[in-house]
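> output the structure for:
(one chain, ligands or ions: 2)
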Amino acid sequence: MIQLSNISHTYTSTTGPICALNGLNFYIQENEFVTFVGPSGCGKSTLLHIVAGFVRPTEGTVRIQEEPVLRPGRARMVFQADAVFPWLSAQQNIEYGLRHSGLSETDRRGRVTGALTAAGLTDFATKWPRELSGGMRKRLELARAYVSHPDIWLLDEPLASLDYFTREEMQVLVHNLWRSANSTVVCATHDLEEALFLSTQVVILTRRPGQIKEVVNVTFGSERTPKIKLSDEFVTLRRRLLTLIERQQSQ
Ligand code: ADP
Ligand code: MG
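Numbering: from 1, shown residues only. Ligands and ions are numbered 1, 2, ... in the order given. Model (predicted):
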């Protein structure tokens, strides 16, 4: 579905060029949940912005279903800082995502109700964003993306800034939304546990300039509850990821 071919990116800055990514080749299959993991500054956000079409790589091409990505629009970034408008209620914020959809009033209403339900926000439809807790705001950001049924979601450190328990709850929600939406997800995080819990594949990046160090296939079934974090399989995979990250730090 998403082909990354020889992606390199160098920023120009006042202190000289900064090479953020170097020669990434990877193919993301449809319906996979692929998470790029690596230390801060290794180019994860840059990569997502390239897939989104916000940044043109200095070298290489991204193709989505064979079509080169030349501008934004095909893949949907979730959790952009400006995604929720403070002057609209939760429900109006979700509706806003459908403004260009061309759907009939009835279909739009159905979609919004579906998104409110899927994100567990039914009782909060008329609340203002400022009245929502951090977790509820995350639900709203997710519902805003979900309502337009994007087939590709881009998640950049999606659950950073939440407390542990809310985060765990949101991990289950993200997982369930991904499954019910039949979408393909490209995610970036530095949280190994979260990467393992959510993903079907974890791609370990080296320090900057980011290069693919290893691809780890996550073999748990598709039913994921926080309990699996205690399983031998999870602990073993987590240890493997830690070793890969540690090894690169000691180089
Ligand atoms: P990550 O998301 O993995 O933390 P980023 O993709 O944000 O990494 O950044 C990779 C590197 O590129 C970092 O060293 C960062 O400082 C640099 N960088 C990111 N954006 C810019 C920019 N607009 N101009 C110059 N340097 C940038
Ligand atoms: Mg980042």
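> do the lowest-mean-pLDDT helix or strand in the chain and ligand 1 meet at all?
Across the helices and strands of the chain, mean pLDDT, DSSP states H and E gives its lowest value to strand 76-78, namely a mean of 78. No - Strand 76-78 stays clear of ligand 1 (C-beta under 6 Å from any ligand atom), getting no nearer than 13.1 Å. To be clear about C-beta, it is placed using only N, CA and C from the backbone, and glycine gets the same treatment.
> so does that strand get close to ligand 2?
No - figure legend: strand 76-78 not in contact with ligand 2 (C-beta under 5 Å from the ion); closest approach 12.2 Å.
> any idea which helix or strand comes after that strand?
Downstream of strand 76-78, the first helix or strand assigned by DSSP states H and E is helix 90-96.
> for that next one, packing partners?
On a contact count with 3 or more C-beta pairs under 8 Å, 6 or more residues apart in numbering; DSSP states H and E, helix 90-96 meets helix 105-118, helix 134-146.
> between the ones you listed, which one is closest to ligand 2.
Across those, ligand 2 has its closest neighbour in helix 134-146 (16.7 Å, C-beta to the ion).
> tell me the angle of whichever helix or strand comes after that closest one relative to helix 134-146?
On the C-terminal side of helix 134-146, the closest following helix or strand by DSSP H and E is strand 152-156. With axes from the mean of the first three to the mean of the last three C-alpha atoms, to 10 degrees defining the directions, strand 152-156 sits at 150 degrees from helix 134-146.
> for the very next helix or strand once past strand 152-156, C-alpha coordinates in CSV please.
Downstream of strand 152-156, the next assigned helix or strand under DSSP H and E is helix 164-181. Provided in CSV are the C-alpha atoms of helix 164-181 (Å, rounded to 0.1, in the frame of the first residue of the first chain):
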residue,chain,number,x,y,z
TYR,A,164,-0.3,5.8,32.5
PHE,A,165,-3.9,4.6,33.0
THR,A,166,-5.4,6.9,30.5
ARG,A,167,-2.7,6.0,28.1
GLU,A,168,-3.5,2.3,28.5
GLU,A,169,-7.2,2.9,27.9
MET,A,170,-6.4,4.9,24.8
GLN,A,171,-4.1,2.2,23.5
VAL,A,172,-7.0,-0.2,23.5
LEU,A,173,-9.2,2.4,21.8
VAL,A,174,-6.6,3.1,19.1
HIS,A,175,-6.3,-0.6,18.5
ASN,A,176,-10.1,-1.1,18.3
LEU,A,177,-10.6,1.9,16.0
TRP,A,178,-7.8,0.6,13.7
ARG,A,179,-9.5,-2.8,13.5
SER,A,180,-13.0,-1.5,13.0
ALA,A,181,-11.9,1.1,10.4
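> helices or strands up against helix 164-181?
helix 105-118, helix 134-146, strand 152-156, helix 192-198.
> what count of nearby residues applies to P72?
Using other C-beta atoms under 10 Å, the number of residues around P72 comes to 13.
> how near is it to ligand 2?
Relative to ligand 2, P72 is positioned 18 Å away (C-beta to the ion, to the nearest Å).
> so what pLDDT did the nearest residue to that residue once chain neighbours are set aside get?
Closest residue to P72 apart from its sequence neighbours, by C-beta to C-beta, 6 or more residues apart in numbering: G53 at 4.1 Å. The score at G53 is 93. That number is its pLDDT.
> cool, E223 as well?
79.
> before we move on, which element is the residue of the stretch 101-250 of the chain found nearest ligand 1 in?
Ligand 1 sits closest to R208 of the stretch 101-250 of the chain, with a gap of 5.3 Å, by C-beta to the nearest ligand atom. Per DSSP H and E: R208 is located in neither a helix nor a strand.
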